[in-house]
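> need the 3D shape of this:
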Amino acid sequence: MRIRTIITAAAALTALSAAKADCQIIYKQPGSSLLRFHYSDWSLKPTGGSKETLSQTATFLSGFIPIRDNFEARYEIVSGHNDLQTGANDAAMSGLGDLRLQVAHSFSQDRALLSAGLNLPTGKKELNVDDERSIIDFLARDYLTVPMRRYGEGFGLNLQAGAATTLGSLKCGLSAVYDHIGSYLPYEGYGKYDPGDALSLTATAEVASGKITYTGDIGFSLFGTDVFEGEDIYHQGGQFNARVTAARRGDRYTTSLGGQMILRGRNKRYNLTDGTIDSQLKQYGDEYDLFLRVAFLLGKSWNIGTMVGTRQIGASEEGLGRSSLLHCALDVSRDLSRLIGVDLGVMYHTGSADGGAIDVGGLQMYGGLKVSY
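Prediction:
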């Protein structure tokens, strides 16, 4: 039972933090590096229980390298520190995440794109079960927004292919991504865990009508079976997602209104003794998000954005009730010169989880420095 619970925690993080490797070829885009700092503070107050508080600091270093015309490379690495306080108990965890590399090449006048990426296992693994696992459990809660959920994994490979075209005033595209995540040792004293591979298909469309531009996409993801020490343990159900955004651009400001829907399938949990299916339930509920954003241009170099939104997550089938959160944000960015830009932002969250049994509050801040060359 203890092994099953531990591996389920690792699987939950994989489900919430599926790797994304976005690529976009832009003609004559200069090389650049981005250093970004994030701070997150979340507090949970369950009815009749001990208050939990998590603070996380994360540092991201990413970069873009133009190799030649229609050929580019990207990289990213992250490090983070977490402090968790539950009542009178404290736990801490620090370490590096994995190094991610991605190369992309476009063809047919940028109407087709092929890309390949690697996940190099440089991050922290073999976590301490007694202390660090409590932080992993906290990070796996679906109603929280945390920039760094995972540390190290195994060697990974992703392959992408995409194509785009225009049909009159409609711009549309189709892409496919295959992700392979290799086996690794998630916790001290336990065996190898091999997350299942994933395949995602996405269709996108964009059309302009007057001053308003409408964009949307729909996608479907399929997942392989997670394996622990050669035995099937967990299979994540398929996931459907859809997003739509309407943006009105004026001379000095842009207003955007959008929403997202995520429908999640049932997951299978297998018995480690005989391989039979123990349960087929939704670990996470379906999700519906809405947001309104207004961005202003102040002077020639200042950009100021404001945003309000809501996130609604349905009840799971494993005992967690519905979650309802509201958030608001303010961000500022400025180009200090042709080659240097900075940005700052803050976001506040409030709401409840588990059908109102847990009061949720969160504060997030970030700052970034981008250098082009």
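> any stretches of the chain with poor pLDDT?
When residues are selected by pLDDT under 70, those of the chain lie in 1-27.
> report the outermost residue of it with respect to its centre.
residue 274 (34.5 Å; CA atoms, centre = their mean).
> that residue and residue 361, how far apart?
Distance, residue 274 to residue 361, by CB to CB, to the nearest Å: 44 Å. For the C-beta atoms, the positions are set from N, CA and C on the backbone; glycine is no exception.
> one more: residue 140?
19 Å.
> who has more neighbours, those two?
residue 140 (23 against 15; other CB atoms under 10 Å).
> which non-adjacent residue is nearest residue 62?
residue 76 (4.1 Å; CB to CB, 6 or more residues apart in numbering).
> sec struct for the one you found, please.
Under DSSP: H, G, I helix; E, B strand; the rest coil, the three-state class of residue 76 is strand.
> so who does it touch?
Residues in contact with residue 76 (CB atoms under 8 Å, 6 or more residues apart in numbering) are 60, 61, 62, 63, 99, 100.
> of those residues, just the buried ones, PyMOL syntax please.
The PyMOL command for the buried members of those (criterion: 16 or more other CB atoms under 10 Å) is given here:
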select buried, resi 60+62+63+99+100
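> and which of the contacts of residue 76 is nearest residue 242?
residue 100 (26.5 Å; CB to CB).
> and the closest one, what are its bridge partners?
Counting by DSSP bridges, residue 100 forms beta bridges with residue 76, residue 119.
> ok, it to residue 343 distance?
According to CB to CB, residue 100 and residue 343 sit 22 Å apart.
> which outside residues touch stretch 335-350?
For stretch 335-350, contacts defined as CB under 8 Å, 6+ apart pick out 42, 145, 301, 307, 325-334, 360-373.
> just the C-alpha atoms of it, please, in CSV.
What follows is stretch 335-350, C-alpha atoms only, in CSV (Å, rounded to 0.1, in the frame of the first residue of the first chain):
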residue,chain,number,x,y,z
ASP,A,335,12.3,47.6,-23.4
LEU,A,336,15.2,49.3,-21.8
SER,A,337,17.0,49.3,-25.2
ARG,A,338,16.9,47.5,-28.5
LEU,A,339,18.5,44.4,-26.9
ILE,A,340,17.3,44.5,-23.2
GLY,A,341,13.8,44.1,-21.8
VAL,A,342,12.4,43.6,-18.3
ASP,A,343,9.0,42.5,-17.0
LEU,A,344,7.4,42.3,-13.6
GLY,A,345,4.1,40.8,-12.5
VAL,A,346,1.9,39.9,-9.5
MET,A,347,-1.2,37.7,-9.2
TYR,A,348,-3.5,37.1,-6.3
HIS,A,349,-5.7,34.0,-5.9
THR,A,350,-8.6,33.4,-3.6
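> now do it: distance to the chain's middle.
20 Å (CA atoms, centre = their mean, to the nearest Å).
> and that stretch, which residues are buried?
Residues of stretch 335-350 classed as buried: 335, 341, 343, 345, 347, 349 (neighbour count, 16+ other CB under 10 Å).
> residues in contact with the residue lying closest to residue 199 once chain neighbours are set aside?
Among residues not flanking residue 199 along the chain, residue 222 sits closest, at 4.9 Å (CB to CB, 6+ apart). Residues in contact with residue 222 (CB under 8 Å, 6+ apart) are 198, 199, 200, 238.
> wait, the last one touches residue 224, no?
No: with contact defined as CB atoms under 8 Å, residue 238 does not count as touching residue 224 (11.5 Å).
> more neighbours: those two, which one.
Neighbours per residue (other CB under 10 Å) separate residue 238 from residue 224, with residue 224 holding more: 16 against 13.
> what residues are up against the more buried one?
With contact set as CB under 8 Å, 6+ apart, residue 224 has these partners: 196, 197, 198, 235.
> turn the residues you listed into a markdown table, columns for secondary structure, neighbour count and distance to residue 206.
Output for those, formatted as a markdown table (DSSP: H, G, I helix; E, B strand; the rest coil; neighbours: other CB atoms under 10 Å; distance: CB to CB, whole Å):
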| residue | secondary structure | neighbour count | distance to residue 206 |
| --- | --- | --- | --- |
| 196 | coil | 20 | 33 |
| 197 | coil | 17 | 30 |
| 198 | strand | 21 | 26 |
| 235 | strand | 19 | 35 |
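> can I get those in TSV including distance to residue 123?
Formatted as TSV, the contacts of residue 224 follow (distance: CB to CB, whole Å):
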residue	distance to residue 123
196	19
197	19
198	19
235	25
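> where does the closest residue to residue 308 other than its chain neighbours land in three-state SS?
With sequence-adjacent residues excluded and distances taken as CB to CB, 6+ apart, residue 308 is closest to residue 328, at 4.8 Å. For residue 328, the assignment made with three-state DSSP gives strand.
> quick check: residue 328 vs residue 350, distance?
9 Å.
> with residue 104 instead?
Residue 104 sits 39 Å away from residue 350, going by CB to CB.
> what of residue 316?
21 Å.
> what does residue 54 give?
16 Å.
> residue 122 too?
Distance of residue 122 to residue 350, given as CB to CB: 36 Å.
> same check, this time on residue 259
Where residue 350 is concerned, residue 259 sits at a distance of 20 Å (CB to CB).
> ditto for residue 326
6 Å.
> and if you look at residue 164?
40 Å.
> picking that back up, of the contacts of stretch 335-350, select the buried ones using a ChimeraX command.
A single ChimeraX command selects the buried members of the contacts of stretch 335-350 (16+ other CB under 10 Å):
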select :42,307,325,327,329,331,333,334,360,362,364,366,368,370,372
